[in-house]
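**Q** Predicted structure and sequence below. I'll ask about it afterward.
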Amino acid sequence: MIISARTTRFSALGIATLLTAATFGIASMASAAETSSTMGVSATVTSNCAVSTTPIAFGNIDVTTGTAVDNTGGISVTCTNGTAWAAAADAGLGVGGTITTRKMTSGSDLLNYGLYTDSGHTTVWGDGTDGSTTTGTGTGTAQATTIYGRVLASQNAAPAGSYADTVAVTLTY
């Protein structure tokens, strides 16, 4: 029974100690000070654009018919949302080519063709000075534009061969 009495005293003493510590702990937490500040966060979204092309492949052409041959290719423009852009095309590398009459070459032989921004082949795709550019406003995703190509009619004197040209596309934004 003596052991039991000591145990009871320790229990009562232990509880009293815990209550005292808890009271002082709460009192010291209540008197703790705080301070605060703000942190600025910023970013600048810049205007950016990229352009890619899909070639125009006319395939096999029978120039003896004397008719025009049409096909399409295109450009794909991706610009930052809200960024205005204009895509221009030069005359190509064909000797003597112009914006209105571009020239594919096969050695020294030439085959005339045109590039247009409309399916009716009336609006020549050019550099903005000669011919029109194609324009748009970026959406943040790729925007496809069809380019209409035409091998011009009445070229029945063109010799057989593989003809090609390269047109530089410039994107201004």
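**A** It's in.
**Q** Where do the helices of this structure begin and end?
**A** 2-30 (DSSP state H).
**Q** what's next to stretch 109-120, contact-wise?
**A** Contacts with stretch 109-120, where a contact means C-beta atoms under 8 Å, 6 or more residues apart in numbering, come from 56, 58, 61, 89, 94-96, 100-105, 121-125, 132, 134, 145-152, 155, 158-159, 161, 163, 165, 167. Backbone N, C-alpha and C define where each C-beta goes, glycine included.
**Q** can you pull the contacts of N156?
**A** Contacts of N156 by C-beta under 8 Å, 6+ apart are V63, T64, T65, G66.
**Q** now do 7 Å
**A** By C-beta atoms under 7 Å, 6 or more residues apart in numbering, the residues touching N156 are V63, T64, G66.
**Q** pLDDT weak spots in the chain?
**A** 1-30 (pLDDT under 70).
**Q** about what we covered before: give the ChimeraX command for selecting the buried subset of the contacts of N156.
**A** What follows is the ChimeraX syntax selecting those of those that are buried according to 16 or more other C-beta atoms under 10 Å:
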select :63
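**Q** between the contacts of N156, which is closest to S76?
**A** V63 (31.6 Å; C-beta to C-beta).
**Q** so how far is N112 from the closest one?
**A** Distance, V63 to N112, by C-beta to C-beta, to the nearest Å: 11 Å.
**Q** Give me the common contacts of these two.
**A** Q155.
**Q** Isn't T78 up against A144?
**A** No: T78 is not in contact with A144 according to C-beta atoms under 7 Å; the separation is 10.2 Å.
**Q** show me the contacts for G82.
**A** Neighbours of G82 in contact, by C-beta under 7 Å, 6+ apart: T137, G138.
**Q** Number the residues from 101 up from this point.
**A** From this message on, residue numbering opens at 101, which makes the last subject G182.
**Q** what's the spacing between it and G240?
**A** Distance from G182 to G240, by C-beta to C-beta: 9 Å.
**Q** One more: V224?
**A** 30 Å.
**Q** neighbour-wise, which of the two wins?
**A** Using other C-beta atoms under 10 Å as the criterion, V224 and G240 rank with V224 on top: 19 against 12.
**Q** For T229, grab phi and psi.
**A** Torsion angles at T229 (phi, psi; degrees, to the nearest 10) stand at phi -90, psi -50.
**Q** count of neighbours near it?
**A** Neighbours of T229 under the rule other C-beta under 10 Å: 9.
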